[in-house]
Structure formats: C-alpha cells, structure tokens
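Participant: need a 3D model of the sequence below.
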Amino acid sequence: MREALESWIRTQRNDGAAITELRRIATGNSRAMWFVEMSDGARYVARVEQGGVFGTSGASEFELMRAALALGCPVAPVRWLEPTGDVVGQPFFVMDFLDGAATGRDDRTMSDALATDFVQRLDELHRTDWASELEHAGDAAHATRAQIDRWHGVYLDATEGVAIPLLEEGAAWLHRHAAPIGRPGIVHGDPGPGNVVHDGSRVLAFTDWEFAHVGDPLEDWVYLVTMRGNRTMSADEWLALFRRVAGVEVTDRDMHFWSVFNYFKGACANATCRRAFATTNPAPNMGIIGTALHQTFVRQVAALIGGTT
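Facilitator: Numbering: from 1, shown residues only. Purely as a prediction, here's the structure:
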C-alpha cells in the first residue's frame, strides 16, 4: 500500500516527495483512516473505503466536503480523489490532516463552550447557501422522500432483493408521515461527539461526511439528541441549547418522525456490513454490525411506529 500510495500522491503533487510515515489512525466502519506524512512535512489523511460499507461512496463524500469547504463550513480541505480502487484495492480520497484536541470516537463528552460552538456551527452549515456549490443535489423540496427511497434501495441491494417486512413497513410509514421541508440545507447525517475535530472549546472541522446530503436539517438535530449526543447531555438540555444558540425548535412530532427515520437509515445501512463481512472485509465489527446491530435498529423502527397510523 505504501509504495502504491506514494507513487499516486507524487503524481497528484507533481513532485518526488516520499512518504516518511504511514499509519492507521482510526478503525472506522465505513472508511479506514490512514495518516500520511511526506518528506517535505505535508500531512494528509487517506480515507479508504471498505467494501461499500453503509452504501456510501467516497466520491459523493468528497464532493460534499469540497462544497462545504468552498462555502466556508468547518471541514478539512480535500485534495484528491481516487474513485476506481485500482491504486490500493479500494476507492479513496486524500484530505489535509488537522491538529486538534479531538478525543476517541467513544468519548462523547463536550465542554459547555464546545457544545455551544458545535450547535452554532451546525446551524450555520444548515443555513449556508448550498445551491451555488451543489448544482446537482436533486429536488431539495422532496429530499426527505428521496432519502427514504435511497435507504430502502440500499438495504434491498444488500439483501439481494430479499425484503425485510419491518423495514418495508418502516419505509411506508415514513412516506405516509413525511412533512414538507421548510428550508432545505446541507445535512451532515452523523453529527456529534466523535465526529468533530476541536481545540477544546471551538469546532475546527466536522468529520465523517459519508451520510451528508441536501435535505431537512431536523434529521441532524434529532440524530444529535437521540443517538450520537445522547451520552453527552439529556434530550431536554440539547433542545434548550438548540433554542438558545440557534433558535431551533424541535417538536414532539419532529422527534418521533426523525427518530424513526434515523433508525430506519441505520438498519438499512447496517445491512450492507453482512455482505462486506462475507466478501471484502471479514473484520469482526462488520459481522456484528450486519447482524446484531442491524436487528437492534429494525426493532427500534418497529417499536417507534407501533400503535401509530
């Protein structure tokens, strides 16, 4: 990998710099993260796909990150994309390495100052004028329905067309209850502690953009409350922070609908891991995510829509 990556980076940079350090810096589920230091001191991160896990692509992630950077959002500068998989066996892209005080992915703590800045920067991401940089984002007004169909297609592809009745019902329920989007924005898709580089009190960059798309910002706010940020503070504390910092109100209806959506999305994405485990990526976490975690999310979808019409 080192020799192939070095040769490719030299071509992109049009120079003869050598790799002086190459090491894996994060396990990741959808992507493997490799720290790369060059002989001239330049430092990069190579973000390498792992067999199509989660039904996402490095190419779309690269596009969203490049657009966010151009719009002034906090994101690591992206450099080059290799979409074919011919260089290291999987598609990848390269971005700049950012120094920060980011803790491990399982550490969900945030100082008050950091949580406040995080909410402010996430709100700015949602409100940015994305259309100038994302001309092919699709029909933003109907993005919620498009996302339901997208994830439904991801799970059916992963199961080779074998339907899971509870996910079929989940998709139907979501379509029945989807509300018009008031103001479409860039949705990160996986925001919160563990997916941010910071200096202790300020956000330097949002990371892990594989789920990013144009859609309803409520997806992010509810995901932050109920999933990635639920060990950071209580739901009431998050909701109060949203109101105070961003003027965002999340209703009970919003919480219910987007909780169903996020678990549905998670169940569909996790279904891809079983196939990856059986083919290109036989790591234990792939097997666990594709079976036990997938089933947990399916059950959450069923529990949340049970008794509603």
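Participant: all strands of the stretch 1-150 of the chain, in order?
Facilitator: With DSSP state E, counting those that start in this stretch, the ranges of strands along the stretch 1-150 of the chain come out as 19-26, 31-38, 43-49, 78-82, 92-96.
Participant: low-confidence ranges in the stretch 101-250 of the chain?
Facilitator: For the stretch 101-250 of the chain, residues meeting the criterion pLDDT under 70 lie at 102-106.
Participant: please, where are all the helices along it?
Facilitator: 112-127, 143-158, 165-177, 218-223, 235-241 (DSSP state H, counting those that start in this stretch).
Participant: nearest approach to residue 307 belongs to which of those?
Facilitator: helix 165-177 (11.5 Å; Cβ to Cβ). Yep, even glycine has a C-beta here, placed from its N, CA and C like the rest.
Participant: among the strands of the stretch 1-150 of the chain, which comes closest to residue 289?
Facilitator: Closest to residue 289 of those is strand 31-38 (Cβ to Cβ; 13.9 Å).
Participant: any buried residues in the closest one, and which?
Facilitator: For strand 31-38, burial by neighbour count (16 or more other Cβ atoms under 10 Å) applies to 31, 32, 33, 34, 36, 37, 38.
Participant: pick the one among the residues you listed closest to residue 269.
Facilitator: Closest approach between these and residue 269, by Cβ to Cβ: residue 31, at 13.2 Å.
Participant: what bridges to the closest one?
Facilitator: residue 49 (DSSP bridges).
Participant: test my guess that it contacts residue 49.
Facilitator: Yes - using Cβ atoms under 8 Å, residue 31 is in contact with residue 49, at 6.1 Å.
Participant: of the buried residues of strand 31-38, closest to residue 302?
Facilitator: residue 31 (29.8 Å).
Participant: who's in contact with that closest one?
Facilitator: Contacts for residue 31 (Cβ atoms under 8 Å, 6 or more residues apart in numbering) come out as 47, 48, 49, 50, 58, 208, 210.
Participant: cool, residue 268 as well?
Facilitator: 55, 151, 152, 154, 155, 158, 167.
Participant: ok, of those residues, which one's closest to residue 194?
Facilitator: The shortest distance between residue 194 and any of these, using Cβ to Cβ, involves residue 55 and amounts to 20.8 Å.
Participant: and that closest one, how far from residue 284?
Facilitator: Taking Cβ to Cβ, to the nearest Å as the measure, residue 55 falls 21 Å from residue 284.
Participant: neighbour-wise, which of those two wins?
Facilitator: For residue 55 versus residue 284, the count of surrounding residues by other Cβ atoms under 10 Å is larger for residue 55: 21 against 8.
Participant: isn't that one up against residue 159?
Facilitator: No - with contacts counted by Cβ under 8 Å, residue 55 stays clear of residue 159, the gap being 11.8 Å.
Participant: re the thing from before, joint contacts of residue 31 and residue 49?
Facilitator: Common neighbours of residue 31 and residue 49, counting by Cβ under 8 Å, 6+ apart, are residue 58.
Participant: that older thread, neighbour-wise, which of the contacts of residue 268 leads?
Facilitator: Neighbour count (other Cβ under 10 Å) singles out residue 155 as the most crowded of the contacts of residue 268, with 26 neighbours.
Participant: would you mark the buried spots in stretch 298-309?
Facilitator: 298, 300, 301, 302, 304, 305.
Participant: please, which helix or strand holds the fifth one?
Facilitator: Yep, that's residue 304 we're talking about. Using DSSP states H and E, residue 304 sits in helix 294-305.
Participant: in contact with residue 154, which residues?
Facilitator: Contacts of residue 154 (Cβ under 8 Å, 6+ apart): 54, 55, 268, 269, 271, 272.
Participant: how close does the third one get to residue 254?
Facilitator: Between residue 268 and residue 254 the distance is 21 Å, computed by Cβ to Cβ.
Participant: and for the fourth one?
Facilitator: Taking Cβ to Cβ as the measure, residue 269 falls 22 Å from residue 254.
Participant: how about the last one?
Facilitator: According to Cβ to Cβ, residue 272 stands 28 Å off from residue 254.
Participant: more crowded one of the two?
Facilitator: Between residue 272 and residue 254, counted using other Cβ under 10 Å, residue 272 has the larger neighbour count: 25 against 17.
Participant: confirm that that one sits in a strand.
Facilitator: No - using DSSP: H, G, I helix; E, B strand; the rest coil, the assignment for residue 272 is helix, not a strand.
Participant: contacts only, for the closest residue to residue 56 other than its chain neighbours.
Facilitator: Nearest residue to residue 56, sequence neighbours excluded (Cβ to Cβ, 6 or more residues apart in numbering): residue 210, at 4.1 Å. Neighbour list for residue 210: 30, 31, 54, 56, 58, 60, 61, 189, 190 [criterion: Cβ under 8 Å, 6+ apart].
Participant: hmm, try it at 6 Å
Facilitator: Residue 210 sits next to 30, 56, 61 when contact means Cβ atoms under 6 Å, 6 or more residues apart in numbering.
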